[in-house]
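> Sequence first, then the predicted structure, then my questions.
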Amino acid sequence: MKVSDVVFEMELGGVDEADIAEILSTCKGKSYDGELLDEELVKRGYSKLFTVDYDGYDDYDDWKDDEYSSVEKFPHRHSYTD
């Protein structure tokens, strides 16, 4: 991950410029690993930006849309009624 990508993600996430500079200087000697960056963000009170906590998601059953009703197809032949 490039430094410019890290800075861009943090700017989009609403991280202050001073905090971005501190996090980059802290991680400079180590690496720009997503877990390390998120750890530094959480220490400063921000939410994680670089890793996803899949255990925090509920079942996929909540994503179903039950709002849609069934669709009635139109007949392809003409039907004449009196």
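On my side now, so go ahead. All figures in this text were calculated on a predicted structure; none of them were measured in a lab. Numbers count the residues shown, from 1 in each chain.

> For the chain, just list every one of the helices.
Applying DSSP state H to the chain gives helices spanning 3-12, 17-27, 34-43.

> Pick the most buried one from these.
helix 34-43 (a mean of 16; mean count of other CB atoms under 10 Å). Where you see a C-beta, it was placed from the backbone N, CA and C, and this is true even at glycine.

> Let me know the average pLDDT across it.
Across helix 34-43, pLDDT averages out at 90.

> out of the helices of the chain, nearest to residue 54?
Among the helices of the chain, helix 34-43 comes nearest to residue 54, with 13.9 Å by CB to CB.

> neighbouring contacts of the closest one?
1, 6, 10, 13, 15, 23, 26-27, 30, 47-51 (CB atoms under 8 Å, 6 or more residues apart in numbering).

> Report the two of the residues you listed separated the most.
Taking CB to CB as the measure, the contacts of helix 34-43 span a maximum distance of 21.5 Å, between 30 and 47.

> wait, which of the helices of the chain is closest to residue 73?
helix 3-12 (45.1 Å).

> what's the angle from that closest one to helix 17-27?
Relative orientation of helix 3-12 and helix 17-27, computed by axes from the mean of the first three to the mean of the last three CA atoms, to 10 degrees: 140 degrees.

> measure stretch 28-45 end to end?
With CA to CA, to the nearest Å as the measure, stretch 28-45 spans 21 Å from end to end.

> Pipe the helices of the chain into JSON lines and attach distance to residue 55 per row.
Converted to JSON lines, the helices of the chain look like this (distance: least, CB to CB, whole Å):
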{"stretch": "helix 3-12", "distance to residue 55": "22"}
{"stretch": "helix 17-27", "distance to residue 55": "25"}
{"stretch": "helix 34-43", "distance to residue 55": "15"}
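
> got the contact list for residue 33?
residue 27.

> Distance of it relative to residue 54?
Per CB to CB, to the nearest Å, residue 33 is found 18 Å from residue 54.

> How about residue 30?
25 Å.

> With residue 31 instead?
For residue 31, the distance to residue 54 - CB to CB - is 23 Å.

> These two: who's more crowded?
Higher neighbour count among residue 31 and residue 54: residue 31, with 10 against 6, using other CB atoms under 10 Å.
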